[in-house]
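K.L.:
This is the structure alone, sequence omitted:
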């Protein structure tokens, strides 16, 4: 089973592009630390993809395979997976460890995200 199948529609980041893709981002970035052999990671991946879709424009979501990227994994002390870490302004803002539903993940990270854009009011005709 290839990693592309496990990643869904989310961009994969690596030790090589983590600084640019995550830490230098103007938008908050939720990083899903995962591995191909991790069953709970597949469960949480569906929840993370739902959040990515629901929160488009408020944050970016990326995946980092811990087996292929030991530098970033060690630098942020990732000891258990799945681990979701929200980075804002280049710093860790929130961390969720373990398979959690989208509602629990959102509860941990929402206060760090920009406010949602209000829905446009229908134009008067």
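P.N.:
Right, received. Where do you want to start? Here the structure is a predicted model, which is why all the values come from computation and not from measurement.
K.L.:
Next, count neighbours for residue 67.
P.N.:
Residue 67 has 13 neighbours, counted by other Cβ atoms under 10 Å. For glycine as for every other residue, the C-beta is placed from the backbone atoms N, C-alpha and C.
K.L.:
residues in contact with it?
P.N.:
Going by Cβ atoms under 8 Å, 6 or more residues apart in numbering, residue 67 touches 35, 36.
K.L.:
For it, give its distance to residue 115.
P.N.:
Between residue 67 and residue 115 the computed distance is 37 Å (Cβ to Cβ, to the nearest Å).
K.L.:
now residue 56
P.N.:
Relative to residue 115, residue 56 is positioned 14 Å away (criterion: Cβ to Cβ).
K.L.:
between those two, who's got more neighbours?
P.N.:
residue 56 (10 against 7).
K.L.:
Got phi/psi on residue 20?
P.N.:
The phi/psi pair for residue 20 (degrees, to the nearest 10) reads phi -70, psi -50.
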